[in-house]
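>>> A structural model of the following input is requested.
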Amino acid sequence: MNWLEKLRDDAQRSPAQPRMPLLWNGQVIGTVAQGFLESVDVDFLRGQRITFTHKRTPGLGEAWSFVAPDASFGLNALAQLLREKGRSGPWRDEQIAVCTPQGQRVATVERGAVRVLGVSTHAVHLVGLTADGRMWVQQRSKKKPNHPNKWDTLMGGMVSAADTLEQALARETYEEAGLDVAQLQQLQHGGHVAFACPSDEVKGGVAYMRERIDWFSAVVPDGLEPRNQDGEVQQFQCIDLPTLMQWLEQGLFTPEATLVLADYLDL
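Just a heads-up that it's a prediction; the model follows:
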C-alpha cells in the first residue's frame, strides 16, 4: 500500500529548516528554527525579567536558553509575543505540559505556541465500533484550523496540562461525541503512533510537530449515537470496513487518524 508507506514516511521527516535546542536550566524542552527568535525581537521580554541567550552548549552545539521567574511564566510571555507578531499557531487558551526528554514536567505553555517552539505533545484518539463490526467516524468542522472537512476517528484531541491521558479520553469523548466513557463497552488501550515532522501551523517552515498519539478502542452500544457538543464536528457516520478502506486510500482522513486506523487494522 504505497499511500500508507508514503504517509508513514511523511510522519517522520526532518525539519524544513535547521533548528536549535531550547533549554531551561540546561534541559532540552523544545527547539526553534535558526534565526526565528531574533526575528520576533525576543529581547523585548527583558522588561519582564525574561532573558534569552544564544550560545554554544557542550553536547548540543548552538542552543537557546532562557532565564525567567519561572519556566511557565517565561514560555507564556514568549507565546504572547509570538501571537502579537502573528507568529504563533491558532490560539486556544489551553495550557500544554512542557517536559524534558526524560518526561519530567517543568512548565506549561499556551497550545498555540507548541509547534513553533518544537514542544513535544501528547494526544488521544478513540476508535468507536458497533457490535456488528462497523465503525463510527466524524467529519471535522470546516472551521477547524487544522484539516477542516477531513474525516477523523470517533474522537481525537490533545492532552492538556490539566489532564491525565484517561481524563483527556473521557473529556474529549464527551465534548466531541457526547458519550460517557462509562457507557462504552470493551474499552481498551490499543497502542500509539508518533509524529516528528514539519507543521504548517505557522508559515515559513518554522514550526515542527513532535507528538505521541495513544489510541483506544471501544464498542458503542446499540441505541447510543454520538452527538457533538463543542461545535467542532460536522457529522458522524457509521461505515463498514470496505468503505473505511476506500476512504483511507482516497486520503479522506487526517494523517493522524489514518495512522491510528492503520494501526488498529494492523495494516
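>>> The nearest residue to F36 once chain neighbours are set aside: what's it in contact with?
Nearest non-adjacent residue to F36, counting by CB to CB, 6 or more residues apart in numbering: V206, 5.1 Å away. From N, CA and C alone the C-beta is placed, and that goes for glycine too. Taking CB atoms under 8 Å, 6 or more residues apart in numbering as the criterion, V206 is in contact with A16, Q17, V32, A33, F36, R87, V116.
>>> make it 10 Å
Counting by CB atoms under 10 Å, 6 or more residues apart in numbering, V206 makes contact with 15-17, 19, 32-36, 39-40, 82, 87, 115-118, 198-199.
>>> Of the residues you listed, select the buried ones using a ChimeraX command.
Only the buried entries of the contacts of V206 go into this ChimeraX selection, using 16 or more other CB atoms under 10 Å:
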select :15,16,19,32,33,36,40,82,87,115,116,117,118,198,199
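>>> show me where the stretch 101-250 of the chain has helices.
165-177, 241-249 (DSSP state H, counting those that start in this stretch).
>>> Can you tell me what sits against the shortest one?
The one in question is helix 241-249. Under CB under 10 Å, 6+ apart, the answer for helix 241-249 is 1-4, 7, 133-135, 137, 151, 237, 239-240, 252-253, 257-258, 261-262, 264-265, 267.
>>> run the last query once more with 6 Å
W3, M135, T258 (CB atoms under 6 Å, 6 or more residues apart in numbering).
>>> Likewise for the longest one?
Among residues not part of helix 165-177, those counted as contacts by CB under 6 Å, 6+ apart are 124, 126, 154-155, 157, 159, 179, 181, 214, 226, 229-230, 233.
>>> The same query, at a cut-off of 7 Å, please.
124, 126, 138, 154-155, 157, 159-160, 163, 179-181, 214, 216, 226, 228-230, 232-233 (CB atoms under 7 Å, 6 or more residues apart in numbering).
>>> Give the burial count for K143, as a bare number.
The number of residues packed near K143 is 10, by other CB atoms under 10 Å.
>>> Tell me which residues of stretch 76-87 come out buried.
Here stretch 76-87 shows N76, A77, L78, A79, Q80, L81, L82, R87 as buried, counting by 16+ other CB under 10 Å.
>>> Spit out the contact partners of the second one.
A77 is in contact with L45, Q48, I50, counting by CB under 7 Å, 6+ apart.
>>> Which of the residues you listed are buried, as a PyMOL select command?
Those of those that count as buried under 16+ other CB under 10 Å are selected in PyMOL with:
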select buried, resi 45+50
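>>> quick one: which of the contacts of A77 sit in helices?
Assigned to helices by DSSP state H, none of the contacts of A77 qualify.
>>> hmm, back to that, separate out the buried members of the contacts of helix 241-249.
For the contacts of helix 241-249, buried by 16+ other CB under 10 Å: M135, T258.
>>> Among the contacts of helix 241-249, which lie within strands?
M135 (DSSP state E).
>>> just so I have it, where are all the strands in the stretch 1-150 of the chain?
Taking DSSP state E, counting those that start in this stretch as the criterion, the stretch 1-150 of the chain contains strands spanning 19-24, 27-33, 51-57, 61-67, 95-99, 105-110, 120-129, 135-140.
>>> Quick one: closest of these to P221.
Shortest distance between P221 and these, using CB to CB, is found for strand 120-129: 10.5 Å.
>>> follow-up on the earlier one: I'd like the contacts of A77 as a markdown table, with pLDDT and distance to W64 appended.
Formatted as a markdown table, the contacts of A77 follow (pLDDT from 0 to 100; distance: CB to CB, whole Å):
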| residue | pLDDT | distance to W64 |
| --- | --- | --- |
| L45 | 96 | 12 |
| Q48 | 96 | 17 |
| I50 | 97 | 12 |
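>>> Which of the contacts of A77 sits closest to Q104?
Closest to Q104, out of all of the contacts of A77 and judged by CB to CB, is I50, at 21.4 Å.
>>> Wait, that closest one touches S65, no?
No: applying CB atoms under 7 Å as the test, I50 and S65 come out as separate, 11.7 Å apart.
>>> just the buried residues of stretch 76-87 now: which is nearest K55?
Among the buried residues of stretch 76-87, L78 lies closest to K55 (CB to CB), at 17.8 Å.
>>> which residues sit in contact with that closest one?
The contact partners of L78, taken as CB under 7 Å, 6+ apart, are L45.
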